[in-house]
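Visitor: Give me the fold of what follows.
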Amino acid sequence: MAVDISHLHSPPFRIREEELPPELILSIERVLELHPGQEADPLDKLTNNFNPAEVLNGYFPDEASLGQLEAVQARLADNERELQREIDSLKAELRRDQDPSRMQLIQEMISDLLGQMSRIREKATESEAVVRNITKEIQVLDLAKKNLILSMTTLKRLQMLVNALSQLEDQVKENRYHEIVQTLAAVKQIGASFKPYTAVQRISQIWHRVQELQSELRLKIDADWDKFYAQDPSKPIKPSVIADACLVVEVLGPEIRTQFVDRYVALELKEYRRIFRATDEAGQLDNLSRRFAWFRRLLQTHETEQGRVFPAEWKVGWFLTSKFVEITRDDMTVLLSKAGSKLTVKQLLDTLQETMDFEASMTRKYATPLQEILKTTQAAGATRSLRTISSAFEPHMGVFIEAQDKALSEMLAQYRGPKSRSSLEAAAAPTASAEDGAPPVLVLPSSTELFYFYAQTLDQCASLFTGQPLFDLCALHKKWLRIYAEEVLGASMKRPAFPARRSVELRFDINELKNVCTIINTADYCQTTALELEENIREKSDEVFKPRITLQDERDLFVSAISVAIQIMLKELDAACDSAFTNMSRSSWSTLKSVSGQSGYVDELVKAIEQVVETVSPLVDQKKYLRNFLDKAASAVFAKFTNALVKSRPLKEIGAEQLLIDLQVLKAALLRIPGEALTTHNYAKSVQKHTTRLEALLKVIVTPADPAEGFILNYTLLIGDASFSNFQKILDLKGTTKTEQNDLLDSFLTITSTKTELDSTSFLSSLDMDPGLVVNLMSPTSSRVSLLPSSTAGESILAALASPPISGPPTGSETPPKTDQAPKREVFSDFKRFVSFAVRRETAPPS
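Guide: Numbers count the residues shown, from 1 in each chain. Alright, predicted model coming up:
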């Protein structure tokens with residue numbers, strides 16, 4: 001049984017709660033030899049979080065343990081006595097240690113110890129001085145021995161240098177390059193150790209002699225190389241002699257080797273410079289292939305003849321290629337600049353392709369990228385970096401871009417501007433195969449042709465350059481995407497001056513619906529493929545251009561085209577439903593004597609909506625656009641229903657009941673027509689919201705005006721506001737007489753003045769009582785339709801049922817919308833309405 005001590009009263013005094021520092025706790029545990037990890041009495045633990053309840057629960061875990069209460073008390077008393085004895089012992093020891101005489105004794109002992117340490121330090125210093133004096137002569141002898149050994153070694157090396165130098169002189173006289181290699185290497189290695197002693201005359205003479213021999217060797221090697229290169233039959237030089245001479249050049253140093261290789265490369269390419277001068281016919285762009293053929297023959301000759309004498313690690317072939325690339329690139333730069341506007345795209349691409357083929361062949365030949373070869377053979381301290389021949393073509397790729405621009409212009413000429421409408425109708429027109437059951441055309445063929453052309457030009461350009469030319473090509477793609485969106489898709493949606501005659505059975509243009517469905521599919525295909533194109537271009541481009549590549553603005557144009565197409569679909573729906581709503585607005589609801597099922601115009605209305613939806617549903621590929629159209633179509637239908645309802649007033653009670661039945665039929669049809677695949681939660685919610693508002697309006701009209709209290713109470717429950725103007729709208733729709741209106745308005749003011757919880761506005765605040773002045777909101781000049789799923793664009797169409805705008809409706813309450821602070825509720829929204837009400841009261845006949 002756990003002990004609960006939370007109910008115990010605290011003592012009348014409070015012990016100051018101060019936590020012990022962790023360092024103090026550790027020190028106490030070390031003195032008392034307490035270890036936190038070992039099993040010990042819980043009372044021995046030193047902690048700032050001591051909990052007596054846990055200790056008591058440890059002693060008495062259950063009710064049976066209470067029987068040992070006396071034993072536990074006795075054990076705790078023994079522990080207390082033992083602790084007290086230990087405390088007394090420690091106190092006595094502390095008093096003994098703090099005895100003043102004992103402390104004085106300890107201080108004296110410390111002073112003696114410091115004195116002994118000082119004397120030991122003095123003895124050690126004296127001993128060190130004695131040892132230094134004893135070993136002084138030994139140190140002098142060690143230094144003499146070291147100098148003697150160095151002198152003997154230096155003299156021996158000097159003797160070796162003199163002998164090797166004498167031997168080298170004999171070998172140089174006889175041009176024995178094979179022996180010179182080892183001797184010269186030994187002389188240079190030994191001579192390097194004498195560089196610090198060049199101030200000595202003899203060593204300076206030897207050093208200068210070594211330099212003279214190296215210069216003499218270089219002249220001899222150059223002379224022998226000239227004879228070997230000239231292949232003089234009178235004085236033939238064996239290749240083995242030149243091979244040994246190359247080894248001597250290697251020993252002479254990297255600078256001499258570089259000069260030797262450069263001299264050979266200049267000799268080899270001397271003829272190339274003469275034959276292929278940029279001013280001669282052989283050096284023109286048309287003869288670029290001859291340049292590469294000449295160099296391939298040169299490389300073959302180099303590898304089979306002169307090049308065999310060079311050590312493999314010199315990579316003389318790399319230097320030949322690098323110099324050839326440098327010379328040819330400079331010539332290409334001059335020739336391309338000279339060609340200017342005369343340079344054709346075919347000539348540019350042909351020569352560029354030949355160049356890239358040559359560079360690729362060099363990469364395969366040496367199994368090393370050409371750029372790395374150029375970097376390796378770059379001379380130290382060069383003012384400009386070596387670049388490939390193909391890089392000379394990059395500044396002139398504008399010719400290629402202009403050619404693609406011209407090709408795109410010719411390709412889309414038959415689809416742009418005035419021709420866009422005819423091309424759209426031709427693509428959407430049913431063919432013989434389509435009549436046999438083949439699927440209809442979903443996108444315009446011109447869009448697939450455009451992106452196929454884009455893919456081809458992108459791959460071609462990316463295979464040549466991935467820098468500025470590819471970025472310029474991306475800009476060209478953006479240009480023609482904008483043109484396609486505006487001059488092909490946008491222009492094709494403009495109605496002709498003399499539209500085709502509509503069907504007698506259908507009040508909407510079915511061909512127009514098919515056309516806009518094709519436009520929606522094409523625009524969606526374009527904006528989706530444009531995203532893939534953007535990612536592809538970014539993947540192929542250089543890092544510096546990647547952040548600047550985007551086609552978002554062009555994709556937005558295609559989304560705007562889809563918005564316009566949906567507007568046209570809404571316009572056709574408006575035309576299809578116009579006859580039914582005209583019949584509704586001309587109905588005389590006030591003369592109805594009884595309700596007899598749904599009205600005749602409802603069947604016509606539902607049939608028109610079904611025909612439009614059935615026409616567009618199979619033709620739109622992406623169902624999200626259909627859902628967007630249906631959301632706006634439902635809002636438009638309810639807007640026209642409300643307008644027709646207002647036009648057909650007075651309604652009276654029986655007419656309002658009939659309209660309630662018609663509204664339920666219309667609601668069921670709007671929820672049924674899209675089907676499960678297209679019906680979304682937002683769509684159903686929107687239909688329900690519009691229906692609920694209209695139902696509330698009609699139910700108030702259905703309510704008898706007598707008694708007035710019941711009628712007004714029903715208004716406040718269903719509409720939920722205290723607006724004088726809104727209540728008057730209900731009376732106008734209901735068709736009450738002026739006399740009845742005055743009495744009802746008086747009662748309304750009296751009743752609502754006590755209901756402070758009512759709002760000052762509701763959905764009736766934006767109800768337009770003169771809908772004939774409303775502009776057709778589905779005209780092509782209206783604002784774009786938003787494609788966002790959560791868009792409330794349809795609410796703007798349904799002006800009669802929308803929330804009150806900021807600027808206030810044309811008629812009705814002028815009360816501003818609610819803010820964070822509750823506004824003051826006003827019965828009369830302005831002074832004009834108050835005066836008109838007073839005049840009406842005074843001129844009204846007595847009841």
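
Visitor: now stretch 289-300: mean pLDDT?
Guide: Averaging pLDDT along stretch 289-300 gives 92.

Visitor: for the protein, where's the lowest mean pLDDT among helices and strands?
Guide: Within the chain, no helix or strand scores below helix 793-797, which has a mean of 36 by mean pLDDT, DSSP states H and E.

Visitor: Where does the prediction get shaky in the chain?
Guide: For the chain, the stretches with pLDDT under 70 are 1-20, 29, 31-48, 428-441, 496-506, 772-847.

Visitor: Mind telling me which residue is nearest the centre of it?
Guide: Most central in the chain under CA atoms, centre = their mean is Pro547, positioned 9.3 Å from the mean C-alpha point.

Visitor: Please report how far that one lies from Ser541.
Guide: Distance check for Pro547 against Ser541: by CB to CB, to the nearest Å, it reads 10 Å. (Glycine included, C-beta is placed from N, CA and C.)

Visitor: repeat for Ala427
Guide: Taking CB to CB, one finds Ala427 at 34 Å from Ser541.

Visitor: Looking at these two, which has the bigger crowd around it?
Guide: Neighbour count, other CB atoms under 10 Å: between Ala427 and Ser541, Ser541 has more, with 22 against 18.

Visitor: Quick one: residues contacting that one.
Guide: The contact partners of Ser541, by CB atoms under 8 Å, 6 or more residues apart in numbering, come to 466-467, 470-471, 474, 549.

Visitor: can you tell me which residues contact Lys220?
Guide: Here Lys220 is in contact with 172, 175 (CB under 8 Å, 6+ apart).

Visitor: name the element it belongs to?
Guide: Here Lys220 sits within helix 201-230, counting by DSSP states H and E.

Visitor: Can you tell me which helices and strands the helix or strand following that helix packs against?
Guide: Under the assignment DSSP H and E, the closest C-terminal helix or strand after helix 201-230 is helix 239-252. Applying 3 or more CB pairs under 8 Å, 6 or more residues apart in numbering; DSSP states H and E, one finds that helix 239-252 contacts helix 177-192, helix 201-230, helix 254-275.

Visitor: Val687 - how many residues pack around it?
Guide: Each residue near Val687 was counted by other CB under 10 Å, and the total is 23.

Visitor: Would you agree it falls within a helix?
Guide: Yes. Val687 sits within a helix when classified using DSSP: H, G, I helix; E, B strand; the rest coil.

Visitor: Verify the contact between it and Lys667 for me.
Guide: Yes. The pair Val687 and Lys667 passes the contact test of CB atoms under 8 Å, sitting 6.2 Å apart.

Visitor: Spit out the residues that contact the two alike.
Guide: Shared contacts of Val687 and Lys667, defined by CB under 8 Å, 6+ apart, are absent.

Visitor: which residues touch Glu604?
Guide: 579-580, 583.

Visitor: Check those for burial and list the buried ones.
Guide: Among the contacts of Glu604, the ones that count as buried by 16 or more other CB atoms under 10 Å are 580, 583.

Visitor: Take the contacts of Glu604 and keep only those in helices.
Guide: Judged by DSSP state H, helices contain the following of the contacts of Glu604: 579-580, 583.

Visitor: Let me have those residues in JSON lines, extended by distance to Leu619.
Guide: Shown next, in JSON lines, are the ones in helices among the contacts of Glu604 (distance: CB to CB, whole Å):
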{"residue": "Ser579", "distance to Leu619": "24"}
{"residue": "Ala580", "distance to Leu619": "24"}
{"residue": "Asn583", "distance to Leu619": "29"}
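
Visitor: and which of these is nearest Ala639?
Guide: Ala580 (13.9 Å; CB to CB).

Visitor: After the helix or strand harbouring Lys365, which helix or strand is next?
Guide: Applying DSSP H and E as the criterion places Lys365 in helix 345-366. Using DSSP H and E, the helix or strand that follows helix 345-366 in sequence is helix 370-376.

Visitor: Determine the set of other helices and strands touching that following helix.
Guide: helix 316-339, helix 345-366.

Visitor: Check which residues of it are buried.
Guide: 370, 373-374.

Visitor: Please apply the same query to stretch 232-250.
Guide: Those would be 237, 241-242, 244-250, for stretch 232-250 by 16+ other CB under 10 Å.

Visitor: same deal with stretch 578-592?
Guide: Quick answer for stretch 578-592 (16+ other CB under 10 Å): 580-581, 583-585, 587, 589, 592.
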